[in-house]
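Asker: Pasted the sequence and its predicted model underneath.
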Amino acid sequence: MSEIMLETKNLGISFGGLKAVDNVNISVKKGQLYGLIGPNGAGKTTLFNLLTGVYKPTSGSFYLDGEELTEKSQEQINHKGIARTFQNIRLFNNMSVIRNVMVGLHNQPEFKCNPFVSMFRLPGHFSSEKKMREKAKELLRIFDLEEERNNLACNLPYGKQRKLEIARALATNPKLLLLDEPAAGMNPNETAELMDIIRFVREKFDMTILLIEHDMKLVAGICEEVTVLNFGTELASGETSEVLNNPKVITAYLGDDEE
Amino acid sequence: MAKNKFKLKHHINYIGVGLFLVITSVMMFMGVLNRSTANLITQIAYSIILAVSLNLVVGFLGELSLGHAGFMCVGSYLGCFFAKYMFAFTDSKLLVLIVSMLVGGLVAAVFGFIIGLPALRLKGDYLAIVTLAFGEIVRTIFKNLDTFGGALGLSTKKYGSELFIIALIVVLIMLFVMQNLIRSKHGRAITAIRDNEIAARAMGINVTFYKLLVFVVSAFFAGIAGVIYGHYATPVLYSFFSYNYSIEILVMVVLGGMGSITGSIIAATLITYINFVLTTNLSGDLAALKFLIYAIILIAMIIFNNAPALNPVKERLGDYKNKVLNKITGLLIKKKYDPSQVVDDHAAWHRIPSKIKMDALLSLDITDKNNQNGGDKK
């Protein structure tokens, strides 16, 4: 448990003069559920974009399992084992649910099969396709989406789309899962269910999870450690209960009493 | 399980084109098929190849390409040029045709790769401009190269009307390759890029590779279509591959439905046929009406496809189509009767409580006793 999965060293990015993320040092231990909170515009999603290679950091570096990934492309970072979900859901809307998951399985070594094999239906195509379908079904079963596998992703209700996004991210077989506001727009029942799912995923897949969330109940309920970002810098980090009662954090969220 | 179930939907294109091929070749050998019809079929064949290959770029990858005639032009000129020199070594027309198709296709594929490179950085309108420019540049270059006949065009050895048989076989091969590509993990990756490129990248899909692959495959088949055209119409003239022709191919794709191969086939056949009929029947002064009628037909078809007021008509047609398809499937394979598969639409109605039960339910006092007083206050 003490092994460090993700480590950032002075990670930062500036857009022109604006330092959106500045000097962030977080270290997520293997198997940990780590929360990332902060007021709107604090740079949480930007940090996620840095970690997944959407933006290249202008300073600092980050390491996954001891390997530096700072300059890698999005695809390479995914291959190395970081998968993410998005704040505004980004499913492949015009594809069926199972195909969404199968896209996630695309790069798994056991389903390797080059385009020419597929184009001419050479041996190897059907077996890999069949294995992929079975694996995708298995994943969907875990998320209770198997019944809907042939529906279009855009026709799923909101909560299920969120679940599908997590399933699709897990299909890439990551070491670290980044969840960007998984509970956004969910009602309390759905949030409770989501908490169970996150816990379950962590146990079943032995996953390290870093999540952004505004729902403090969820954060307090499942995260072991949190980091609070404010204006791109770290405001506080440490154990959840301590950080959430930190007066600085409360000020950042709710404003000063004096004013 | 529905695993091994024969799905007519997946084979309808092969069956359709295959039947067409068999019927027309039989007619050909019986001597019933006249020359102009054979020519029309050749035209239809290369139009289908062009429309389906453009559909891969526009409908499946979601990039707008306006230079498809450019790829066709490259394939046509170089394939036919090669064929001209090959006739010096061999007399076999078939061999020359096949080899020149491969050469034309491969050269076009190289150009597809080159055009695919900017496609990695450009999106939408900007890519459309690049491809449009490519199409125009290519044909202007060929116009000014004396090696390729210059403004007079490259004269090729004309093939007889039996060329359409080869053309239709090529259509079948192309459908096989395209459909297999689309119905595989690679096809899924391509449609994933279309639906959401950012998410596709985050899923580890190699976007660069797939964009280039699509452009290369699409250009390859456009080049082959060009070679067929080159052997059908001699001389190969630069003016044929104009911007208008690229748009015509795009019209076929859009009319048939983006991302629908069957649609592309039908639209390509229809548009080529309409063009052919109008060109042959309207002579003299009436020839000016050709584009007018063509445009009116296009507008009518687009309205039919998109007008909400026509939805009931379309639904009825769709039901009818399904009925016919089911009947055909029923004839082809005998279905086993499986009671578990039968879904009774009315079954759900039995679960709704009867009136008596409803009354009982409604009379139940469901208000919370403890909160009743608190609720009254407000």
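Answerer: Received, thanks. Numbering: from 1, shown residues only, chains lettered A, B, ... in the order given.

Asker: Where do the domain boundaries of chain B fall?
Answerer: Annotated domains of chain B cover B:11-281, B:285-333 [automatic domain parsing].

Asker: how many neighbours does residue 89 have?
Answerer: All of this is about chain A. The tally of other residues near residue A:89 (other Cβ atoms under 10 Å in any protein chain shown) stands at 20. C-beta here means a position set from N, CA and C on the backbone, and glycine is covered the same way.

Asker: My question was about chain B, not that one.
Answerer: Around residue B:89 there are 9 residues (other Cβ under 10 Å).

Asker: cool, and residue A:4?
Answerer: Applying other Cβ under 10 Å, we find 15 other residues in the vicinity of residue A:4.

Asker: Was I right to think it contacts residue A:30?
Answerer: Yes: Residue A:4 is within contact range of residue A:30, at 7.2 Å (criterion: Cβ atoms under 8 Å).

Asker: picking up where we left off before, out of the domains of chain B, nearest to chain A?
Answerer: Closest to chain A of those is domain B:11-281 (Cβ to the nearest Cβ; 3.4 Å).

Asker: Endpoints of that closest one, how far apart?
Answerer: From its first residue to its last, domain B:11-281 covers 35 Å (Cα to Cα, to the nearest Å).

Asker: do the same with stretch A:207-227
Answerer: 19 Å.

Asker: Is chain B within reach of it?
Answerer: No: figure legend: stretch A:207-227 not in contact with chain B (Cβ under 8 Å from any Cβ of the partner chain); closest approach 14.6 Å.

Asker: Which positions within that stretch qualify as buried?
Answerer: Neighbour-count burial for stretch A:207-227, counted by 16 or more other Cβ atoms under 10 Å in any protein chain shown, picks out A:207-213, A:215, A:218-219, A:222-223, A:225-227.

Asker: How far away from the center of its chain is that stretch?
Answerer: Mean-position distance between stretch A:207-227 and its chain equals 12 Å (Cα atoms, centre = their mean, to the nearest Å).

Asker: Now do it, average pLDDT.
Answerer: For stretch A:207-227, mean pLDDT rounds to 89.

Asker: Any buried residues in stretch A:193-206, and which?
Answerer: A:193-195, A:197-198, A:201-202.

Asker: who in chain B is up against chain A?
Answerer: B:176-177, B:180-181, B:184-189, B:191-192, B:194-196, B:198-207, B:213.

Asker: Where does pLDDT dip in chain A?
Answerer: Along chain A, the parts satisfying pLDDT under 70 run over A:1-2, A:257-259.

Asker: which residues of it fall in strands?
Answerer: Remark: strands assigned in chain A by DSSP state E are A:4-15, A:18-24, A:27-29, A:33-37, A:59-64, A:67-68, A:82-84, A:176-180, A:208-212, A:225-230, A:233-239.

Asker: what does stretch A:152-167 rub up against?
Answerer: Residues from elsewhere that reach stretch A:152-167, judged by Cβ atoms under 8 Å, 6 or more residues apart in numbering or on different chains: A:85-86, A:89-97, A:100-101, A:104, A:139-140, A:142-145, A:148, A:177, A:179, A:182, A:185-186, A:190, A:193-194, A:197, A:201.

Asker: which of the residues in that stretch are buried?
Answerer: Buried residues in stretch A:152-167, counting neighbours by 16+ other Cβ under 10 Å, are found at A:152-153, A:156, A:159-167.

Asker: and the strands of chain A, which is most packed in?
Answerer: strand A:82-84 (a mean of 27; mean count of other Cβ atoms under 10 Å in any protein chain shown).

Asker: tell me what that strand is packed against?
Answerer: Contact here means 3 or more Cβ pairs under 8 Å, 6 or more residues apart in numbering or on different chains; DSSP states H and E; on that basis strand A:82-84 packs against helix A:44-51, helix A:158-171, strand A:176-180.

Asker: residue ranges with poor pLDDT in the stretch 251-378 of chain B?
Answerer: Applying pLDDT under 70 to the stretch 251-378 of chain B picks out residues B:333-378.

Asker: all helices of it, in order?
Answerer: For the stretch 251-378 of chain B, the helices defined by DSSP state H, counting those that start in this stretch cover B:261-281, B:289-306, B:311-332, B:355-363, B:372-377.

Asker: most neighbours per residue, which of the ones you listed?
Answerer: Sort the helices of the stretch 251-378 of chain B by mean neighbour count, taking mean count of other Cβ under 10 Å, and helix B:261-281 sits at the top with a mean of 19.

Asker: Between helix B:289-306 and that helix, find me the angle.
Answerer: Here helix B:261-281 runs at an angle of 160 degrees relative to helix B:289-306 (axes from the mean of the first three to the mean of the last three Cα atoms, to 10 degrees).

Asker: circling back to that earlier point, list just the nearest of the buried residues of stretch A:193-206 to residue B:234.
Answerer: Nearest to residue B:234, judged by Cβ to Cβ, of the buried residues of stretch A:193-206 is residue A:201 at 65.5 Å.

Asker: if I look at the residue lying closest to the closest one once chain neighbours are set aside, how far off is residue A:166?
Answerer: Nearest residue to residue A:201 in three dimensions, chain neighbours excluded: residue A:207, at 5.6 Å (Cβ to Cβ, 6 or more residues apart in numbering or on different chains). Look at residue A:207 and residue A:166: by Cβ to Cβ, to the nearest Å, they are 10 Å apart.

Asker: same check, this time on residue A:81
Answerer: 16 Å.

Asker: cool, residue A:200 as well?
Answerer: To residue A:166, residue A:200 is 11 Å away according to Cβ to Cβ.
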